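Undergrad: A structural model of the following input is requested.
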Amino acid sequence: MGKTRTGLYTTRVKLSVLIPVYNERYLVGELVRRVLAVELPAGLERELVIVDDGSKDGTRTILEDLARKHPESIVYVPQPKNQGKGAAIRTAIARASGEFCIFQDADLEYDPADYPRVLAPLLEGKADVVYGSRFLPGERRRVLYFWHSLGNTFLTTLSNLFTDLNLSDMETCYKAFRTEVLKTIPIRSDCFGLEPEITAKVAKRGLRIYEVPIKYDGRTYAEGKKITWKDGFRALYTIVKYWLIDDVYDAHAAPRHLDGLDRAHHVVRWIGDELRPHLGHRVLELGAGIGAMSVTLLPRDRYIAADADERRLAVLRNLALRRPDIEIAKIDPQRAEDFEPYRGAVDTVLGVGVLEHLGDDAQALKNIADALAPGGKVLLILPQSPALFAPMDETQGRKRRYARADVAALLASAGLELERSRGLLRAAWPGWILNSVLMRRHRFWKIELKCFDALVGLWRVIDGWLPWPGLALLVVARKPGQPPAPVPETARQRHDAAAHSTAAGSPP
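TA: As a prediction, this is how the structure comes out:
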């Protein structure tokens, strides 16, 4: 992606305007004309992704005609039946090809002339998400229903209480995103629950959110306004639901390690604390996923977070915008050529939940050994006990579980010396036996993960005393040779390491 003259980007990029439409025959033509006519910042092209959500009033005929007249600018997607605004936006996101996206209602309440103002923080590289607020001081807004405004204020305030944001207008239509971020956010709401749902998720993701004032010419119900008091109750339910549920990454972006516990933030920090004493100063993390483990182990002299999947790499690149102390790389552990730029440049290669997903784990270990400097370490977290392989493993893409003897043989064949291995997550072992082995379930219930995560303080105390094997295996191996001279740890690194071990946080 290039950069425009307006800020971060210097070559032409594209804005995707996502327009859900339902029964707007009298207004949609004018709305499309305004979107096509609005002057965008220099270097920014546009596409209109218009989803007709099962209109029955002749809107579809108008949209088909517009799409024929502007084939270079309009992507038209007809839905066979009405499913709701959230469902239409979900369809539009899948078809968007621009570097940025903005939501646009099909009526004339919101003015496309505000696009440059809304897009400015994105183009300057300061934001991941921008909300256009109807309630910040601006040029004008139409005076309408008191109770509707009061309900909007109530829902925004309630959303802020649950998300710890200070938005002035959560329910606004104008929400603009960097597309690579938006495409990793799962949208489950089919109707007007879209607004509180997406707000909850961008808050939990820790994305950079800006708010700018916009103009607003609201409609009356006589003029065709569709939202009602029932939608307010649905929004209230959605706010609470997505406060309880950590459904913030789509299936392609989320990592697949720690037996589904990657969303349990305290567990991730627990694993990070187990890894940190063995970690060097120049680290290559394979299968970094969404960076949940990466931020736990930072800072280092050099930290390279690598993944092979483009969707997860998009999340990692977004993390790197906020954390200049992390590098992002595309590496498939099975491809020797992917390691070439890093050979001898790292003293630690980290793989948390990586080898078990690969078809050729032996080749991956050989590539890792070749990349390490002499005396460098390999740190692995692997699922333990082949006898426990169950449907939940298959759901998460695992091809195998490991016995300690098998791990030692694999390491030796790659020219690596096993230093130590020990079981982890013994406290999770009974839950795995019950859910996956006995009940043959494919996923943990989210409430189970929430409860387990909430009790991590207890599990850390008792885990080493439990009599059964750990669900995971911590493996530390070394490449033969004389290690480089150690680099003294800075005071800042010691401070941040201590903070990581005590503070709870969320993934990027």
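
Undergrad: what comes up buried for stretch 153-162?
TA: For stretch 153-162, the neighbour count (16 or more other Cβ atoms under 10 Å) marks 155-156, 158-160, 162 as buried. In this view, the C-beta of every residue, glycine as well, is placed from N, C-alpha and C.

Undergrad: Alpha carbons of it, as PDB, please.
TA: Extracted in PDB, the C-alpha atoms of stretch 153-162 (Å, rounded to 0.1, in the frame of the first residue of the first chain):
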ATOM      1  CA  THR A 153     -27.200   9.300  24.800                       C
ATOM      2  CA  PHE A 154     -28.200   6.500  27.200                       C
ATOM      3  CA  LEU A 155     -26.900   3.700  24.900                       C
ATOM      4  CA  THR A 156     -23.700   5.600  24.200                       C
ATOM      5  CA  THR A 157     -23.100   6.100  27.900                       C
ATOM      6  CA  LEU A 158     -23.900   2.500  28.700                       C
ATOM      7  CA  SER A 159     -21.600   1.300  25.900                       C
ATOM      8  CA  ASN A 160     -18.800   3.600  27.300                       C
ATOM      9  CA  LEU A 161     -19.300   2.100  30.800                       C
ATOM     10  CA  PHE A 162     -18.800  -1.400  29.400                       C
END
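
Undergrad: Give me the residues contacting that stretch.
TA: 135, 165-171, 196, 199-200, 232, 235-236, 239-240, 243 (Cβ atoms under 8 Å, 6 or more residues apart in numbering).

Undergrad: returning to that earlier point: including distance to residue 329 and secondary structure, could the buried residues of stretch 153-162 go into a markdown table?
TA: Listed next are those as a markdown table, based on distance: Cβ to Cβ, whole Å; DSSP: H, G, I helix; E, B strand; the rest coil:
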| residue | distance to residue 329 | secondary structure |
| --- | --- | --- |
| 155 | 42 | helix |
| 156 | 40 | helix |
| 158 | 42 | helix |
| 159 | 37 | helix |
| 160 | 37 | helix |
| 162 | 36 | helix |
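
Undergrad: who does the strand ranked longest in the chain pair up with?
TA: Counting by DSSP state E, the longest strand found in the chain is strand 372-383. Here strand 372-383 is paired, per DSSP bridges, with strand 346-352 (parallel), strand 472-478 (antiparallel).

Undergrad: so which of those strands is the most packed in?
TA: Mean neighbour count, computed with mean count of other Cβ atoms under 10 Å, is highest for strand 346-352 among the strands paired with strand 372-383, reaching a mean of 26.

Undergrad: and that one, how far out from the chain's middle?
TA: 23 Å (Cα atoms, centre = their mean, to the nearest Å).

Undergrad: how about the CA coordinates for that strand, as CSV?
TA: Extracted in CSV, the C-alpha atoms of strand 346-352 (Å, rounded to 0.1, in the frame of the first residue of the first chain):
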residue,chain,number,x,y,z
VAL,A,346,18.4,-14.4,16.3
ASP,A,347,19.4,-16.2,19.5
THR,A,348,15.9,-17.5,20.2
VAL,A,349,13.2,-19.1,18.0
LEU,A,350,9.8,-19.3,19.7
GLY,A,351,6.9,-21.5,18.6
VAL,A,352,3.7,-21.6,20.6
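
Undergrad: any idea of the mean pLDDT in that strand?
TA: Mean per-residue pLDDT for strand 346-352: 96.

Undergrad: got it, and stretch 448-457?
TA: Rounded mean pLDDT across stretch 448-457 is 85.

Undergrad: try stretch 25-37
TA: On average, stretch 25-37 scores 95.

Undergrad: just stretch 205-222 next, same as before
TA: 78.

Undergrad: Next, the buried residues of that stretch.
TA: For stretch 205-222, the buried set under the neighbour-count rule, 16+ other Cβ under 10 Å, comprises 205-216, 218-219.

Undergrad: Give me the buried stretch members for stretch 122-142, please.
TA: 122-123, 127-135, 138, 141.

Undergrad: Could you list the low-pLDDT ranges of the protein?
TA: 1-11, 138-149, 151, 218-232, 251-264, 483-508 (pLDDT under 70).

Undergrad: residues contacting the most centrally placed residue in the chain?
TA: Residue closest to the average C-alpha location in the chain (Cα atoms, centre = their mean): residue 249, at 4.3 Å. Contacts of residue 249 were listed using Cβ under 8 Å, 6+ apart, and they are 184-186, 205, 290, 315.

Undergrad: Assign a three-state SS to it, would you?
TA: coil (DSSP: H, G, I helix; E, B strand; the rest coil).

Undergrad: in the stretch 151-300 of the chain, which spans are helices?
TA: Using DSSP state H, counting those that start in this stretch, the helices of the stretch 151-300 of the chain run over 179-182, 194-204, 229-244, 265-275, 292-297.

Undergrad: just these: most buried one?
TA: When the helices of the stretch 151-300 of the chain are compared using mean count of other Cβ under 10 Å, helix 292-297 is most buried, at a mean of 26.

Undergrad: Domain map for this structure?
TA: Domain assignment for the chain, taken from automatic domain parsing, gives 13-244, 258-479+490-498.

Undergrad: From the opening residue of the longest one to its closing one, how far?
TA: So that's domain 13-244. With Cα to Cα, to the nearest Å as the measure, the ends of domain 13-244 fall 37 Å from one another.

Undergrad: go on, stretch 330-341?
TA: 11 Å.

Undergrad: For it, what is the distance to the chain centroid?
TA: Chain-centre distance of stretch 330-341: 24 Å, with Cα atoms, centre = their mean.

Undergrad: Kindly report the same for stretch 347-365.
TA: Using Cα atoms, centre = their mean, the offset of stretch 347-365 from its chain centre is 23 Å.

Undergrad: swap in stretch 378-398?
TA: With Cα atoms, centre = their mean as the basis, stretch 378-398 stands 23 Å off its chain's centre.
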